[in-house]
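*Asks:* Mind folding the following:
(one chain, ligands or ions: 1)
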Amino acid sequence: MLRSALLSAARSPALRSAAEHSALTRPVVDRFVAGNHIDAALAVAHTLVTDRLVSLDHLGEDTGDREQADAAVAAYRELLGRLGDEGLTDRVEVSVKLSALGQALPGDGPAIALDNAAAICAAAAAVGTTVTVDMEDHTTTDATLDAVRALRVDHPGTGAVLQAYLRRTEGDCAELAGPGSRVRLCKGAYDEPASVAFRNRADVDRSYRRCLRVLMAGPGYPMVATHDPDLITHATELAASLGRGPLDYELQMLYGVRPRAQRELAHAGQLRVYLPYGSAWFPYFMRRLGERPANLVVFLRSFTGRH
Ligand code: FDA
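*Replies:* This next block holds a predicted model:
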């Protein structure tokens, strides 16, 4: 219930504007977001790469006009240029949301988003890194997977994301588990109906294990995106039992979540941190609140200025 309310609030333009313009929220938001500007994000990335890999995300989603989509592409071009200049591309890639690139624009939105994503993939390839295409709500799954398939023609290293809470995902894993295929498996962060998604935690976890087995048993490169200690233990044991070495898969976590565990796990294998930055942080941040209600109390206190 609370999670649904938070995810619905994430789509409120009024709340979004109030929160994104309030200086009071900044300290709480900074736990999950590496600042509004590229310089702040790169400073954090430089620190993280001493023991972890990174996927940088320029925040933005549900773009309503072409100019905004073009601005997102420009932001990624600038980011990739800086990653190249600062020698970070062997340890840092980028994550993008197709809705930030125009996927939901009326008419030819999916084609616009694909062109924009292709431009970002080309800019990434030019500096020697890769792109992973985030997965959004279930109404976009087919279009997003179609886009990933199209991007992989020229850029086979393009990563896909699959969400274990969707009933369809075990099948998608089987389809995507081809040679070298980079697939990030997460539980899923949106409020989805029971017709398409498991709503019960235990069912999501069981689905995650089934999906993981398909990815780990295949010839692709699984990216295990979860903070769940049981699933992480399961993933490392499964990988070892299937003969995968530490470089044949990676664990992934979000910036600000279980940082001590991140450092410990990075010593044993590869761990990538998803590192978002930018001023459009509200929907991303609300999803983080939805995952852990304790975060909400801290946020509300900051919003009202009461600590
Ligand atoms: P779960 O929610 O069960 O959490 C397990 C434990 O982790 C909790 O008990 C708590 O200790 C800790 N934890 C989890 N979330 C926390 C939080 N916000 N604050 C504090 N502690 C927290 N989703 C999506 O739909 N599309 C996408 O493209 C992506 N991309 C993505 C990339 C990466 C690298 C990660 C790690 C996650 C995503 N996600 C995502 C989000 C994902 O779907 C999911 O919502 C979160 O990872 C939380 O699920 P867990 O697997 O961590 O389990």
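*Asks:* Quick one: distance of the worst-scoring helix or strand of the chain on mean pLDDT to the chain centre.
*Replies:* The helix or strand of the chain with the lowest confidence, counting by mean pLDDT, DSSP states H and E, is helix 293-304 at a mean of 73. Mean C-alpha position of helix 293-304 versus that of the full chain (C-alpha atoms, centre = their mean, to the nearest Å) differs by 23 Å.
*Asks:* That helix near the ligand at all?
*Replies:* Yes: contact of helix 293-304 with the ligand (C-beta under 6 Å from any ligand atom) involves residue 295. The C-beta positions use only the backbone N, C-alpha and C, and glycine is treated the same way.
*Asks:* What is that helix packed up against?
*Replies:* On a contact count with 3 or more C-beta pairs under 8 Å, 6 or more residues apart in numbering; DSSP states H and E, helix 293-304 meets helix 2-9, helix 26-29, helix 282-291.
*Asks:* could I get the ones you listed as CSV with mean neighbour count?
*Replies:* Output for these, formatted as CSV (neighbours: other C-beta atoms under 10 Å):
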stretch, mean neighbour count
helix 2-9, 14
helix 26-29, 16
helix 282-291, 21
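*Asks:* Dump those helices to a markdown table, plus distance to the ligand and mean pLDDT.
*Replies:* Listed next are the helices and strands packed on helix 293-304 as a markdown table, based on distance: least, C-beta to the nearest ligand atom, whole Å; pLDDT from 0 to 100:
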| stretch | distance to the ligand | mean pLDDT |
| --- | --- | --- |
| helix 2-9 | 10 | 82 |
| helix 26-29 | 11 | 85 |
| helix 282-291 | 4 | 91 |
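*Asks:* Residue 111 is nearest to which of these?
*Replies:* In terms of C-beta to C-beta, the element of these nearest to residue 111 is helix 282-291, at 24.0 Å.
*Asks:* So which elements touch that closest one?
*Replies:* Counting contacts by 3+ C-beta pairs under 8 Å, 6+ apart, helix 282-291 packs against helix 2-9, helix 13-20, helix 293-304.
*Asks:* which parts of the second one are buried?
*Replies:* Applying a neighbour-count criterion of 16 or more other C-beta atoms under 10 Å, one finds 16, 19 buried in helix 13-20.
*Asks:* near the ligand, which residues of the protein?
*Replies:* Contact residues (C-beta under 6 Å from any ligand atom) of the chain with the ligand: 134-135, 161, 163, 184, 186-190, 225-228, 252-254, 257-258, 274, 288, 291-292, 295.
*Asks:* Among these, the buried ones, what's the PyMOL command?
*Replies:* Filtering the residues of the chain next to the ligand down to the buried ones (16+ other C-beta under 10 Å) takes a single PyMOL command:
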select buried, resi 134+135+161+163+184+186+187+188+189+190+225+226+227+228+252+253+254+257+274+288+295
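*Asks:* Narrow the residues of the chain next to the ligand to those in helices?
*Replies:* 288, 291, 295 (DSSP state H).
*Asks:* and the last one, what does it touch?
*Replies:* It refers to residue 295. 28, 288-289 (C-beta atoms under 8 Å, 6 or more residues apart in numbering).
*Asks:* now do the first one
*Replies:* Contact criterion C-beta under 8 Å, 6+ apart gives 32, 254, 256-257, 295 as the residues in contact with residue 288.
*Asks:* Please determine how far whatever residue of the stretch 1-150 of the chain ends up closest to the ligand is located from residue 144.
*Replies:* Here the residue of the stretch 1-150 of the chain nearest the ligand is residue 134; by C-beta to the nearest ligand atom that distance is 3.5 Å. In this view, residue 134 and residue 144 are 8 Å apart by C-beta to C-beta, to the nearest Å.
*Asks:* shared neighbours, those two?
*Replies:* Common contact partners of residue 134 and residue 144 (C-beta under 8 Å, 6+ apart): residue 98.
*Asks:* which residue is nearest the centroid of the chain?
*Replies:* Compute the mean C-alpha point of the chain, and by C-alpha atoms, centre = their mean the closest residue is residue 134, 5.1 Å away.
*Asks:* Count residues in the vicinity of the nearest residue to that one once chain neighbours are set aside, would you?
*Replies:* Nearest residue to residue 134, sequence neighbours excluded (C-beta to C-beta, 6 or more residues apart in numbering): residue 97, at 4.7 Å. A count of neighbours around residue 97, defined by other C-beta atoms under 10 Å, yields 26.
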